[in-house]
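In: sequence first, predicted model second:
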Amino acid sequence: MAAVTEIADATAVKPPRARRPLSARLRAGALPYLLLLPAVLFELLVHIVPMLVGIFISFKQLTEFFIRDWGAAPYAGLTNYRFALDFHSAVGQQLLSSFWVTCSFSVLTVAVSWLIGLAAALLTQERFRGRGVLRTYFLVPYALPAFAAAITWEFMFQRDTGLVNRLLVDDLHLYHSAPFWLIGHNSFIALVVTAVWRNWPFAFLVVTAGLQNIPGELYEAAAIDGAGEWRRIRSITMPALRPVNQVLLLVLFLWNFNDFNTPFVLFGDVPPPQANLLSLQIYDTSFQNWNFGSGSAMSVLLMLFLLVVTGGYLLLTDRRRKDLG
Amino acid sequence: MADTAAPEIPAGPRRRGSPMAPSRGFVWTRRVVLTLLTLFTSAPIYVMLSSSLKPLQEVQAAFTWIPAHLTARPYADMWTTVPLAHYFINSLIVSAASTALSVVIALLAAYAVSRYRFPGRQVFRITVLSTQMFPGILFLLPLFLIYVNIGTATGVQLSGSRLGLIITFLTFTLPFSIWMLVGYLDSIPRELDEAAKVDGNGPLGALIRVIIPVAVPGIITVAVYSFMTAWGEVLFASVMTSDATRTLAVGLRNYASENDVYWNQIMAASLVVSVPVVAAFLLLQRHLVAGLTAGSVK
């Protein structure tokens, strides 16, 4: 808010450039708002108002009987929240377990994707034969539509006809009998592998773009001082990449935490509990069980959690950057 | 494929023994890691391609690395097993329309934010960016209800129609597009605007005649991103479409989760629907890297 008044003051202090008729000046003042108008209208319709309605619904007893006239649904107070957070009930327990699954899925997927993307970016930083082709090829998984990628992995993870069991059981003999990948404990691994496959090229792309802002003279100076590749990566590249990494890790985390497409395509309508992400759990509560009130309460809780995590993360990383700088 | 957008790091002549020459350990790490990554990247692509050329009996038995019999039948049959052409047209209309609208709207907003200082500017930027953080599932149901109610109140059918999906997708891509284009426009010198004004252009004339031609890489980046988002979205498309307006993403996903799946046809279909997007992305990725760099620098 302070920033806004500052800007407003700054424009107010500026002397009028030229004497123009009042209507012309008004029009010039209104122009930025006119340019913003379409964006604001669509944001209101699709993002802002639905979010407020969502919060409103979370306090209502909204079931399928009130879809056409949802204003008439009875007030529920905090019942929906109590229902979602009652960890002794089946619903609360499911939500809690789904929360832990989502946390471990996001952290694991982000960590692995980032490490792979970073390694690939660092290893392709210097010119070698075939680098251009490889850099382009690595982007294919990210360019592929998410559903096409997930459908293909679903086929690869099929127990009797998939590539994964062919490789692990028939070719490498790592298992005695073919395991199931899309149900049971293995489904979590299947989910992480599919998500990593799609995510790491994005990390690779962003880190590659970030590497281009590091001046080459730095490397030359370090090399002349006798620093090898690993030393140069540790002392020059990693510190210089810190701002890029800060945003990249956060974006990857939020994407994966809210991911719906990958598990929805991979497992169909009934995901195994070991791979039941929060988005799916909420979708299930809202659209399979027709309990929109508690579905909304769960969404609001999810949003609050992400707000806290994002705020905490930005505070923490900003402070660390200041301390180091 | 041509070399990527990366401006090469000026490293001087590479002679054996020069301080910048890579050590053997580094070269071997590079070979091993990049080979493994190439295999990982290739596995699904290879499965898609090879399975799409196998007859049905072969994909229903244990996986074969090399197809025993090659056939192009799946590519012919897939159009009749599911209404693929129908899905394709729906996806094309929805994605193209939402991309075009999103680019225009984002460009206007980004121009305002980049070139003017006005009260509310900062609030707008922060609000738009923070909508990126909210889970899609939170909007899904209220948006669905709002569309249903708009339909009953005004007769404009938004739920189940292509129009509703277009509006939804174009808004989804607005925050990233605006953020990206503001960064891009900020990097274009103001002198260009001034020059355009001297030539007698108004602010909109300056935007159209001078700024847009210079901002083409940024605009392309945003367009590719918008198209990809709309083309691949499953959650909203699965709730907000009817049989008549079903998109590829939902249609194929529903088919793949049935019990009796013709995997060879599904792989052929996945490949066909991916090729246009992947090709466009790879052709334009040079601009994408440039756009990303400009957007993240400022």
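Out: Cool, the structure landed.
In: poorly predicted segments of the chain, please.
Out: You didn't say which chain, so I picked chain A. In the predicted model of chain A, residues A:1-28, A:64-72, A:321-325 satisfy pLDDT under 70.
In: not quite, go with chain B.
Out: In chain B, residues with pLDDT under 70: B:1-20, B:288-298.
In: ok, now which ones touch the spatially most central residue of it?
Out: Centroid-nearest residue in chain B: B:M228, 2.2 Å away (criterion: Cα atoms, centre = their mean). B:M228 makes contacts with A:143, A:145, B:277, B:281, as judged by Cβ atoms under 8 Å, 6 or more residues apart in numbering or on different chains. Every residue, glycine included, has its C-beta placed from N, CA and C.
In: and what of A:S299?
Out: A:54, A:58, A:282, B:135, B:137-138, B:141.
In: now, which of those residues sits nearest B:F88?
Out: Within those, proximity to B:F88 (Cβ to Cβ) peaks at B:I137, which comes in at 27.4 Å.
In: give me the number of residues near A:S98?
Out: 22 (other Cβ atoms under 10 Å in any protein chain shown).
In: buried residues in the helix or strand containing it?
Out: Using DSSP states H and E, A:S98 falls within helix A:90-123. Judged by neighbour count (16 or more other Cβ atoms under 10 Å in any protein chain shown), helix A:90-123 contains these buried residues: A:91, A:94-95, A:98-99, A:101-102, A:105-106, A:108-110, A:112-114, A:116-123.
In: phi, psi of A:R127?
Out: Dihedral angles phi and psi of A:R127 (degrees, to the nearest 10) take the values phi -60, psi 140.
In: residues near it, how many?
Out: Using other Cβ under 10 Å: A:R127 sits among 13 other residues.
In: ok, now A:L174?
Out: Neighbours of A:L174 under the rule other Cβ under 10 Å: 10.
In: A:R166 is in contact with that one, correct?
Out: No - A:L174 lies out of contact with A:R166 (Cβ atoms under 8 Å); the separation is 11.8 Å.
In: now do the helices in the stretch 101-250 of chain B.
Out: Applying DSSP state H, counting those that start in this stretch to the stretch 101-250 of chain B gives helices spanning B:121-131, B:136-154, B:162-186, B:190-198, B:203-206, B:212-214, B:216-232, B:235-240, B:248-256.
In: from the contacts of A:S299, which is closest to A:F264?
Out: When the contacts of A:S299 are compared for distance to A:F264 (Cβ to Cβ), B:I137 wins out at 11.0 Å.
In: in a markdown table, list the contacts of A:S299 along with distance to B:I105 and neighbour count.
Out: Output for the contacts of A:S299, formatted as a markdown table (distance: Cβ to Cβ, whole Å; neighbours: other Cβ atoms under 10 Å in any protein chain shown):
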| residue | distance to B:I105 | neighbour count |
| --- | --- | --- |
| A:G54 | 24 | 25 |
| A:S58 | 30 | 24 |
| A:I282 | 29 | 27 |
| B:P135 | 23 | 22 |
| B:I137 | 25 | 27 |
| B:L138 | 23 | 27 |
| B:L141 | 25 | 25 |
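In: can you count the residues close to the nearest residue to A:L191 once chain neighbours are set aside?
Out: Of all residues not flanking A:L191 in the chain, A:A275 sits nearest, at 4.6 Å (Cβ to Cβ, 6 or more residues apart in numbering or on different chains). A count of nearby residues for A:A275, using other Cβ under 10 Å, gives 26.
In: what is the neighbour count of B:F172?
Out: For B:F172, using other Cβ under 10 Å, the count is 24.
In: just A:A148 next, same as before
Out: Applying other Cβ under 10 Å, I find that A:A148 has 30 neighbouring residues.
In: name the SS class of A:H176, please.
Out: Following DSSP: H, G, I helix; E, B strand; the rest coil, A:H176 is assigned to coil.
In: please report how far it lies from B:D199.
Out: Going from A:H176 to B:D199 by Cβ to Cβ, to the nearest Å gives 78 Å.
In: between those two, who's got more neighbours?
Out: Legend: neighbour count by other Cβ under 10 Å for A:H176 and B:D199, higher for B:D199 (11 against 7).
In: where's the more buried one relative to A:L31, distance?
Out: 19 Å.
In: ok, now A:L250?
Out: Using Cβ to Cβ, A:L250 is found at 34 Å from A:L31.
In: hmm, back to that, from the middle of its chain, how far away would the helix or strand just after the helix holding A:S98 be?
Out: Proceeding N to C from helix A:90-123, the next assigned helix or strand is helix A:131-137, under DSSP H and E. Centroid separation for helix A:131-137 versus its chain: 26 Å, with Cα atoms, centre = their mean, to the nearest Å.
In: same check, this time on stretch B:176-191
Out: Taking Cα atoms, centre = their mean, one finds stretch B:176-191 lying 20 Å from the centre of the chain it belongs to.
In: and for stretch A:280-295?
Out: 21 Å.
In: also stretch B:281-290?
Out: Using Cα atoms, centre = their mean, the offset of stretch B:281-290 from its chain centre is 12 Å.
In: fine, thanks again, bye for now.
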